[in-house]
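Visitor: structure for this input, please:
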Amino acid sequence: MNRTPNDRRAALRMAATAALAGAATGGASAQAAAPAPRPLAFDDPIWNREVSARLEAFADPKKFVYGSVTGVVTGVRDGEKVLPLMRFEVFSTIRVVRQPDASYQRLCREVVFYRSLETGQLMDEWDNPYTGERVKVVDVANDPYNYVISDFYPQPPSYGGLNKETRPRRPYIRNWRMLDADTVGLESDIHLLYPSAMQPEKWPRESPGKMTRTSEMFRYSIRRSDLEDPTLDNIPYQGVWNRITPWLPWMLMDQAPGHILYAGSMTARQTLEFFPKDVIARVRERHPKYLVAPEKVEGPSLSSLERYALEQTPAAPRAARKP
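Guide: Numbering: from 1, shown residues only. Predicted coordinates for the structure are as follows:
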C-alpha cells in the first residue's frame, strides 16, 4: 500500500523525536528502540491470517476476550413496515490457539438474551404481536461455535451435516478498505441456504419450512495505528453485526411468511467492565461455564437453530392447544 504524505511527515517526526531523545541520553540502546510498524498488507494471506487472529482474540492462548453485541430484533413481512420486536444482548468468550501448521483454532461460546422494548428488562416471556400469544423466551446458548483461521478461507459451516455446500479453496484475502487516513474498515459476510433442522412435520409451529435461509454481515472499524502496532497481542475494534434468520422458533409463527433481522453494535473487550450488570448476572446464574472461553474443540459447531432442535421439544399444534 502506498504511504500518504501524512505518513511520511509522521515518520520524519518520529525519527526527529528519536534523534533528540538519543542526544539527550547520550544515545539510546538498540534494545530500547521502538519496534518497526507492521505494514498494512491487505493482499497478503499470511498478514490476513495473523491480523484476523488478533482481531478475534489474543495471540497468546492463555488469554481470551469477551465479545459483545447489542441491538434490536425486528420482524419483516411483505406489505408491512419493519416492526421492532425486542432488544438483544450477545455475550461470548473467544480464544484462539495456534496450530502446528501456523493456523489458529478459534474457540467460542456465546449466549443471547432478549430484552423488552417497553421495560428494558431481560425477558422470560414475550407477547407476540403477530399472533397475540404469550410465548416462552428461549435464550441462545451456543457451545461451541468454532472455525479455523488460516491463510485460506474456511469452508462454510456444516451445522451437523445439514449444510452440504463447499467452495473452491481460495487465499484468505479479506475485504479491507481505508475509511480515512487513520481508520481501516473490514467487511465480512456469509449467506447460507440449507435443510432445516426443524422440519414442518415434526415442528409445525417452530419450523421455518423445509429450508433455512440465514445471512450474517459484519462491519469492523479499526484504528490504523492498532493494525500497524506489532506489540498488540489483541487488536481492538468497533463494528456492526446484522443477521437475517427465520422467525425465532419460540415465537411459534406456524411457518408464516416473513423473517427476523438482527441489527446491533459489536465489539470485543478484555474485561467485563462495560457489560450491563443484569447480563453478567444472568450468565453467572444460567450459564456460568460461558464466562471462560474453551481451551480445545469440544463437539460440533451448530447455530442456535440446530441447538434448539436438539434441546427443545415441539410445541403442540395450534388446533390442539387449550384456549
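Visitor: which stretches in the protein count as strands?
Guide: With DSSP state E as the criterion, the chain has strands at 65-76, 83-98, 104-115, 125-127, 134-136, 140-142, 147-149, 175-180, 183-195, 211-223, 238-245, 259-269.
Visitor: I'd like those laid out as TSV, including mean neighbour count, mean pLDDT and distance to Phe42.
Guide: Where you see a C-beta, it was placed from the backbone N, CA and C, and this is true even at glycine. Shown next, in TSV, are the strands of the chain (neighbours: other Cβ atoms under 10 Å; pLDDT from 0 to 100; distance: least, Cβ to Cβ, whole Å):
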stretch	mean neighbour count	mean pLDDT	distance to Phe42
strand 65-76	20	98	23
strand 83-98	20	98	21
strand 104-115	22	97	19
strand 125-127	13	98	44
strand 134-136	13	98	46
strand 140-142	18	94	31
strand 147-149	19	96	16
strand 175-180	13	98	4
strand 183-195	15	98	9
strand 211-223	17	98	12
strand 238-245	18	98	17
strand 259-269	17	98	21
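Visitor: of those, which is nearest Trp203?
Guide: strand 211-223 (11.7 Å; Cβ to Cβ).
Visitor: still on that earlier bit, out of the strands of the chain, flag the one nearest Ala59.
Guide: Nearest to Ala59, of the strands of the chain and by Cβ to Cβ, is strand 83-98 at 7.1 Å.
Visitor: could you check the angle the closest one makes with strand 259-269?
Guide: Angle, strand 83-98 to strand 259-269, by axes from the mean of the first three to the mean of the last three Cα atoms, to 10 degrees: 40 degrees.
Visitor: who are the packing partners of strand 83-98?
Guide: Contact here means 3 or more Cβ pairs under 8 Å, 6 or more residues apart in numbering; DSSP states H and E; on that basis strand 83-98 packs against helix 45-56, strand 65-76, strand 104-115, strand 259-269, helix 277-286.
Visitor: and of those, who's closest to Ser301?
Guide: Among these, strand 104-115 sits nearest to Ser301 (Cβ to Cβ), with 8.7 Å.
Visitor: next, the angle helix 277-286 makes with that closest one.
Guide: 110 degrees.
Visitor: run the chain-centre distance for strand 104-115.
Guide: 8 Å (Cα atoms, centre = their mean, to the nearest Å).
Visitor: what does stretch 189-203 give?
Guide: 21 Å.
Visitor: cool, stretch 155-173 as well?
Guide: 18 Å.
Visitor: give me the residues contacting it.
Guide: With Cβ atoms under 8 Å, 6 or more residues apart in numbering as the test, stretch 155-173 has contacts from 42-45, 48-49, 52, 147, 149-153, 190, 192, 194-197, 212, 300-303, 306.
Visitor: now list the buried members of those residues.
Guide: 42, 44-45, 48-49, 52, 147, 149-151, 153, 192, 194, 196-197, 212, 301-303, 306 (16 or more other Cβ atoms under 10 Å).
Visitor: confirm for me that Val184 is in contact with Arg174.
Guide: No - with contacts counted by Cβ atoms under 8 Å, Val184 stays clear of Arg174, the gap being 10.8 Å.
Visitor: contacting residues for Lys63?
Guide: 57, 95, 233-234.
Visitor: state the distance from it to Val297.
Guide: Distance of Lys63 to Val297, computed by Cβ to Cβ, to the nearest Å: 18 Å.
Visitor: likewise Phe91?
Guide: 21 Å.
Visitor: now Ile235: phi and psi?
Guide: When read as degrees, to the nearest 10, the backbone of Ile235 gives phi -100, psi 120.
Visitor: could you report the neighbour count for it?
Guide: 22 (other Cβ atoms under 10 Å).
Visitor: just the CA coordinates of stretch 44-59, formatted as PDB?
Guide: Extracted in PDB, the C-alpha atoms of stretch 44-59 (Å, rounded to 0.1, in the frame of the first residue of the first chain):
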ATOM      1  CA  ASP A  44      -1.200 -11.000   1.700                       C
ATOM      2  CA  PRO A  45      -3.000 -14.100   3.100                       C
ATOM      3  CA  ILE A  46      -0.400 -14.500   5.900                       C
ATOM      4  CA  TRP A  47      -1.000 -10.900   7.100                       C
ATOM      5  CA  ASN A  48      -4.700 -11.500   6.900                       C
ATOM      6  CA  ARG A  49      -4.400 -14.700   9.000                       C
ATOM      7  CA  GLU A  50      -2.200 -13.000  11.700                       C
ATOM      8  CA  VAL A  51      -4.300  -9.900  11.900                       C
ATOM      9  CA  SER A  52      -7.600 -11.800  11.900                       C
ATOM     10  CA  ALA A  53      -6.500 -14.000  14.800                       C
ATOM     11  CA  ARG A  54      -5.600 -10.900  16.800                       C
ATOM     12  CA  LEU A  55      -8.900  -9.300  16.000                       C
ATOM     13  CA  GLU A  56     -10.800 -12.300  17.200                       C
ATOM     14  CA  ALA A  57      -8.800 -12.700  20.500                       C
ATOM     15  CA  PHE A  58      -5.300 -12.700  21.900                       C
ATOM     16  CA  ALA A  59      -2.500 -14.400  20.000                       C
END
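Visitor: lovely, talk soon.
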